[in-house]
Structure formats: C-alpha cells, structure tokens
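*Asks:* Structure for the following, please:
(one chain, ligands or ions: 1)
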Amino acid sequence: TLFSNKKKKRKKICYIFFIVVNEFCERFSYYGMRAVLVLYFRYFLLWDDDLATSIYHAFVALCYLTPILGAIIADSWLGKFKTIIYLSIVYAIGQVTMAISTIHDITDANRDGTPDNFTFHIALSMLGLILIALGTGGIKPCVAAFGGDQFQEHQSRQLNTFFSVFYLCINAGSLLSTLITPLKSVASTLMVFIAGSGMYVKTDPEGNIMWSVCKCIGFAIKNRFRHRSSSYPKREHWMDWANEKYDKLLIAQIKMVLKVLFLYIPLPMFWTLFDQKGSRWTLQATTMSGDFVSILISTVNPILILTLVPIMDRLIFPLIQKCGLNFSPLKRMTVGMLFAAMAFVSAALVQIEIDKTLPNFPSSSESQLKVVNTYSTTLNVTISPNEHLLIESFGSSADYVTFDHQDITVSLNTNPVITKAFSLIKGGRQTLIIPSDPTVMYLKEDVKSKPREGKNAIRFVNGYTADLNITNLDSIEPSATTNYTLVNQGKRDFVLRHGEQWCEFSRKFGFGASYTFLIPSTVFSDDCESITEVEDMKPNSVHMALQIPQYFLITTGEVMFSVTGLQFSYSQAPKNMKSVLQAGWLCTNAVGNIIVLIVAELGKLPKQWAEYLLFASLLVAVSIIFSIMAYFYTYIDPAEIEAQVRKEQGLEPEEMEKETLEMEEKDEDQKNEQGVKQTKI
Ligand SMILES: C[C@H](N)C(=O)N1CCC[C@H]1C(=O)O
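*Replies:* Numbering: from 1, shown residues only. Next up, the predicted model:
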C-alpha cells in the first residue's frame, strides 16, 4: 500500500507539472506580447498616447471577460481538456495574425519603411488581438479549474499549494516573457499540455449547464413574481421558487454559485488600483531619477510574487495560525485590499515629494517666458509693463516669468533701443532668443512637461557665424535654434562641424531635464569649451527606489487577494461549475480594467497625489463593505451539500460511494490503457 501510494503521489506531481508548465508558457506568451503592445500602437500604427492606452486597457479587459465564454464551452459542451486544446489553437492563430500585422513590407510597395495601407495593419492586428483575447481568456478559467480537478476532496492542503505554485508559474512566465518570443511559447504551451494528456483526471461536461442555470433562475424569478401575494408562504431562499420544476441538486448548486458571485461585487475595485501600476505608476517613474526604470517597472511585481508567495505560504500564514488566529480566505482578501490601499497612500506620499521638485508649469490661462541672450554684451531687457531683466552675454534669465496676458512688448537697451511686440502662447512656455543681431530676436516654444521615459530634451542655439552640423541633427543656420531632441541618461558626445573645422562636446545627463546649449562664435578656437548651458527644466531628483514600498505593498496585497481568491473560487464551486466560478473571479479583473478606462482616464483630479488618495480611500471603503459581506458568508463544502441533496433525493450514500469507486476504477483503467498504448508506440 505504501509503495502504491508513493507511486500515485509521484504520478500526481507529474501531471500537475504539465498543467503548471502549461500556465507558465501561456503567461509567458501573454505578458511578452502585452509588454510591447503599447509600443506597437505608438510607433508602428502611429496612434497617440491616449488611443494606445485606451485600446490596451480595452484589450486587457476583453482578456478577462472571455473566460465566461471559455467556462461555458468547457462546462456545457467540450469539457475543460478539449476547450484548452481548441482555444489554444485559436490563441496561436491570433499570435500569428498579430505577428503578420507587424510586417510593414506587406503593404510597403515603395519600400520607404512605412506601411502604405494602415487600415489593413489595424484590421489585422485587431483581429489578432480578438483571437488572442478569446484564447488566453477562454483557457484561463479552465486551466485553473482543471488543475484543481486533479485533487480529491480530502486534499484541500495540497489544493491550496497547487494554486500557490500555479500563481508562481504565472509570474515566472511574466518575468521571463521579455526574453523569449511569445509565438514559440504558445506552441510550447500546447505541446506541454497535450504531453500530459493520458494522465489527467478529466471530468466530463454535464450538458448545457449554463443554459439550464439561466432557465432555472428565470423560472424562480417568474414563479416568485406570480406568487407575490402575502397569502403564499415564504420560502427560505428565492431560488426555492424553482422547486416546482427543477432538480433540487441544480437549485442547491446555483445557490452556492450565486452566493459567491454576490460576494465578488466589490472586488473589481482592487484590480482598479492594481492595474494602475502599469499606467499611473509608470508615468510617476518617468518623473523620478534612477538607473533601473524599465527593469523596475516590468519585473518588480513578478519578482516580489516569486519571493512573497513562498514566504506567506510557509511562514506568515502558518505563524498566524499558530498564534491561534483564524485567518480565513475572506479575511486574507480583505487584508489584501487594505495593503493595496496602503500602496496608493505610499504612491501619494512619493507624488508629494516629486511635486516639490517639479517646475511650476503655466496654467491654461497663463504664459511663461524665459530670455536667452547670445548678443555680444550684457542686455537690459524690459518686458512691458514692468518686468526688468539683466542678462549677461551667453546667459539667460534665472527662471521663467509668468504672465496672465499674452501680448507683450520687449525693449532692449541697445543703441538705438530695439522694441518688438510678441504674442505668447496661452498655457505655453517659450524662450525669447536674442541673437547676435538683436533686431531679429524671436520666440521659440519650449517643452512644458517632463520629457517622457526619463529622457532629456536638448536643443542648440547657433551663435557661430556660419552653418553648423551637429551629430544626429540637421544643419543649423547662424542665429537659429534647433528643435528639441531627446537623449538618454548618461554621458553623451556631440561633434560640431563646419567644413574642415570640428570639435567634440561631452555632457552627462540625468533624468527628465531640458537644456538649451548656446554655441558662441569662438566654439572652434577653444575646442567647444565655451559652449554654455541653460537649464530649462531641472533633472528629476526623487529617486525611483522610493517606489519600491508601493510595489511591495501592492504585491503583498496581490498575494493575499489574488492567490486566495483563486483558491476560494475553486473550493466554493460545485463540481460542474468550477470553471464558471473561475470565470466569475476573472471577470472582477475585467471590470477593474474597465473602471480604470472610464474613471481614471476621464476623471483626472488636478493633483495626482489627491487622485491616489481618492483611490486608496475608495478601496478602504470597499474593503469595509466586503468584510461585512464576508462576515455573513458561511464557508461550504460543495461536495458535502451535493451529497446531502442526493441523499434527500433518495440516492443512498452507499450507492454514491459505489458510483465514485466505479468511476475511479474506470479512470485508473483508462490511464493504464493509455500507458500500455504509449509503451507500445
Ligand atoms: C502578473 C501579476 N502578478 C499576476 O500574476 N496577475 C495579474 C492578474 C492576475 C494574474 C494573472 O493571472 O496574470
């Protein structure tokens, strides 16, 4: 017996392995593709930021809505195993379609590097994304439930460990997704899953269960309405009004599912905060300094998951249990939400620090002006009515001057005095460039937000007497100013050239700054030494390491909320509706994304820190509501309830046991048969 038990255990570990590796590969493909999706929209389809992020969030929401479809197909028709196989094929076709849509040569007849027919590429990529959403979402509830199906009722501890390992694999896949192409991984997902085919415990679909559920609920509502008069005796539950027509077992199962789905109503708020990690927090990082921006943003969450899940499972939760505290799944989920709220408080505190260092940008009715002097002497600049600035040669005004009107007159104390009228841009920042011939002074528009992705915006004013060529820039005429170019952090070299003459100029950049470099007429004689720099915008000074606490808090919250939610959804579902409840759980994520799309994108508060605090407060309020709902929830053992109903229906427990035994024997025979077949091959 001992030997056969050990053998069974080893076998189980083996086929669980196929399932978790399958999830690893799938998430690998999904997150790998998601990581480059916004870039594809921005730089290939040339969409603007808003459209790119909206379509991105809509796609993520769709990926978490399609699980309903997958669950219906699995529980009512194909069964989980076949659903996973078929929808994985749809998934792979989606990835191929998406890959084809990125080949610009297909419509680039004139070979200029730009597609000629954007509509074709957009249509193809949208089709690809829909297929991917159908594939990834469709299989997701089935894989989790299918994994759970491999355990027997008494193995609840192992079941919990399975879901933790399952979540670890999701995040290992997400972490490594940037290294290997998504396409290969879809193919391997399928192969790994099929490889374990002969070993799985496959539960058959029980007819069109979803249709029966809908009909049963519809009948209960109609029947209740028909008997609304007080002369009819009350029933314990409104679903009991379906007793006249429907099987007691089905009614009991629907009650279990509805109870859990009702509990899920407040949960999307967690995902609303969680999903802003990829949008608001990423933007926050671009206003901070530090060398590890991209690594931090794309990897910190999965790395923390890989560390925190084992720590929680093996250390924290057992410790809490040892202290005699009942840290039930719903309590864990509530605490998870509170952690996410704390993460947003932490984000707000970081934002307040960042705001202290941000430039004072003009409001929509104001205009800002700075003056740069490349004239040969110091100038006294008067800007009507009462702004007086003393600006050295090859220097600038100390900071921007803010005006609440747009029309200004500038006078220079040259001989004769030069006076010129300008109209400033409302809500804009500009620089008045005074060249070597001040009569042609002109306005140049400046950046009025922090350069993206921690880059630096730089430009040059040519005070040299002839055209100049600068590395990677077009030639600049004398007295002209280049447009801004974005440069990365670190040391950058520029070569300035005019005919045979040249000199090299090096500059070390931080993050998110903006500079105007003034090139004097002596530039070649002093080997670029005399180039001066005007700081239009200071580099970011709040270090990105300050974001670590918020990532740590939200990931701790995720471990408590998401891993527990996954386990809870499986354990509280009746046998024939496991995928449906997994789909319901995943839908909370979809709704969360839709809320981000609607509320966070449309209703921006003027202060970012205030928006973070608002979201934190909302989640605290929601977690209080959830904890009250959880207080009234009684944990159930679906198998026990089903057995009890069966018993009430006259099916003796012995018969049931016999039935179960027969099924197990059948399964065992089937597996042995497969094993023999495989050996023969
Ligand atoms: C990458 C996340 N840490 C994560 O594991 N997930 C976010 C949404 C649910 C879950 C997933 O299944 O991808």
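*Asks:* tell me the mean pLDDT over the helix or strand that contains V345?
*Replies:* Assigned by DSSP states H and E, V345 belongs to helix 329-357. Helix 329-357 carries an average pLDDT of 96.
*Asks:* Just the buried residues of it, please?
*Replies:* With burial defined by 16 or more other Cβ atoms under 10 Å, the residues of helix 329-357 counted as buried are 329-352, 354. Where C-beta positions appear, they are placed from N, C-alpha and C, glycine not excepted.
*Asks:* next one: stretch 390-408
*Replies:* By neighbour count on 16+ other Cβ under 10 Å, the buried set for stretch 390-408 is 391, 393-397, 400-401, 403, 408.
*Asks:* got the residues of this structure near the ligand?
*Replies:* Proximity of the chain to the ligand (Cβ under 6 Å from any ligand atom) is limited to residues 27, 170-171, 174, 301-302, 305, 558, 562, 589.
*Asks:* let's go with 8 Å and repeat that
*Replies:* Contact residues, the chain versus the ligand (Cβ under 8 Å from any ligand atom): 27, 30-31, 64, 140, 167, 170-171, 174, 271, 274, 301-302, 305, 555, 558, 562, 586, 589.
*Asks:* how close does S525 get to C503?
*Replies:* 9 Å (Cβ to Cβ, to the nearest Å).
*Asks:* neighbour-wise, which of these two wins?
*Replies:* Between S525 and C503, C503 has the larger neighbour count (other Cβ atoms under 10 Å), namely 17 against 11.
*Asks:* which other helices and strands contact the helix or strand harbouring that one?
*Replies:* Using DSSP H and E, C503 sits in strand 501-509. Identification of packing neighbours for strand 501-509 by 3 or more Cβ pairs under 8 Å, 6 or more residues apart in numbering; DSSP states H and E yields strand 490-498.
*Asks:* Can you tell me which helices and strands the strand it packs on packs against?
*Replies:* The criterion is 3+ Cβ pairs under 8 Å, 6+ apart, and the helices and strands that strand 490-498 contacts are strand 469-470, strand 501-509.
*Asks:* Can you tell me what sits against the first one?
*Replies:* Pointing back at strand 469-470 there. The contact list for strand 469-470 (Cβ atoms under 8 Å, 6 or more residues apart in numbering) reads 460, 475-476, 482, 494-498.
*Asks:* Closest one to the ligand out of those residues, please.
*Replies:* Using Cβ to the nearest ligand atom, F494 is the member of these that sits closest to the ligand, with 40.9 Å.
*Asks:* OK, contacts around that closest one?
*Replies:* Shown in contact with F494 (Cβ under 8 Å, 6+ apart): 470-471, 504-507.
*Asks:* separation between it and F339?
*Replies:* 48 Å.
*Asks:* For the contacts of strand 469-470, give me JSON lines that also has pLDDT and distance to G324.
*Replies:* Output for those, formatted as JSON lines (pLDDT from 0 to 100; distance: Cβ to Cβ, whole Å):
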{"residue": "F460", "pLDDT": "95", "distance to G324": "70"}
{"residue": "S475", "pLDDT": "87", "distance to G324": "78"}
{"residue": "I476", "pLDDT": "93", "distance to G324": "75"}
{"residue": "T482", "pLDDT": "94", "distance to G324": "70"}
{"residue": "F494", "pLDDT": "92", "distance to G324": "68"}
{"residue": "V495", "pLDDT": "93", "distance to G324": "72"}
{"residue": "L496", "pLDDT": "94", "distance to G324": "74"}
{"residue": "R497", "pLDDT": "93", "distance to G324": "78"}
{"residue": "H498", "pLDDT": "94", "distance to G324": "82"}
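*Asks:* Quickly find the element holding the residue nearest to F162 when sequence neighbours are not counted.
*Replies:* Spatial nearest neighbour of F162, excluding adjacent residues (Cβ to Cβ, 6 or more residues apart in numbering): G147 at 5.8 Å. Under the criterion DSSP H and E, the helix or strand holding G147 is helix 118-149.
*Asks:* Show me which positions of that helix end up buried.
*Replies:* For helix 118-149, the neighbour count (16+ other Cβ under 10 Å) marks 121-122, 124-125, 127-149 as buried.
*Asks:* thinking again about what came up before, going by contacts, tell me the helices and strands next to the helix holding V345.
*Replies:* helix 268-274, helix 280-286, helix 548-558, helix 564-571, helix 608-631.
*Asks:* Run me through the strand neighbours of the helix or strand just after that helix, direction for each.
*Replies:* Per DSSP H and E, the first helix or strand lying C-terminal to helix 329-357 is strand 367-373. As defined by DSSP bridges, the strand partners of strand 367-373 come to strand 395-396 (antiparallel), strand 401-403 (antiparallel), strand 429-434 (parallel).
*Asks:* what comes into contact with strand 367-373?
*Replies:* Outside strand 367-373, the residues within contact range by Cβ under 8 Å, 6+ apart are 361-362, 379, 381, 383, 389, 391-397, 399-403, 405-406, 408, 424-434, 443, 446, 461, 516, 518, 534, 536.
*Asks:* rewinding a little: which of the buried residues of stretch 390-408 lies closest to the ligand?
*Replies:* Using Cβ to the nearest ligand atom, those come closest to the ligand at Y400, 41.9 Å.
*Asks:* Give me the number of neighbouring residues for the residue nearest to N462 when sequence neighbours are not counted.
*Replies:* The shortest distance from N462 to any non-neighbouring residue, by Cβ to Cβ, 6+ apart, is to I476 (4.3 Å). Using other Cβ under 10 Å, I476 has 20 neighbouring residues.
*Asks:* Equivalent analysis for the one 5 residues further on, please.
*Replies:* Residues contacting T481 under the criterion other Cβ under 10 Å number 20.
*Asks:* Compute the number of surrounding residues for S376.
*Replies:* A total of 13 residues lie near S376 under the criterion other Cβ under 10 Å.
*Asks:* Likewise for Y86?
*Replies:* Counted with other Cβ under 10 Å, the neighbours of Y86 add up to 16.
*Asks:* mind starting the numbering at 15 from now?
*Replies:* All set: I'll call the first residue 15, so the last point we hit is now Y100.
*Asks:* Just list what the helix or strand where it lies packs against, helices and strands only.
*Replies:* In the assignment (DSSP H and E), Y100 maps to helix 93-115. Where contact means 3+ Cβ pairs under 8 Å, 6+ apart, helix 93-115 is packed against helix 16-53, helix 81-87, helix 132-163, helix 196-209.
*Asks:* Which of those helices has the lowest mean pLDDT?
*Replies:* Lowest mean pLDDT within the helices and strands packed on helix 93-115: helix 196-209, at a mean of 54.
*Asks:* What's the first helix or strand after that helix?
*Replies:* By DSSP H and E, the next helix or strand past helix 196-209 is helix 223-240.
*Asks:* ok, the residue nearest to the spatial centre of the chain to V52 distance?
*Replies:* When the chain is reduced to its mean C-alpha position, the nearest residue by Cα atoms, centre = their mean turns out to be G292, at 4.1 Å. Distance of G292 to V52, given as Cβ to Cβ: 9 Å.
*Asks:* just D327 next, same as before
*Replies:* From D327 over to V52 (counting by Cβ to Cβ), the distance is 34 Å.
*Asks:* for N476, what are its contacts?
*Replies:* Residues in contact with N476 (Cβ under 8 Å, 6+ apart) are 482, 490-495, 533.
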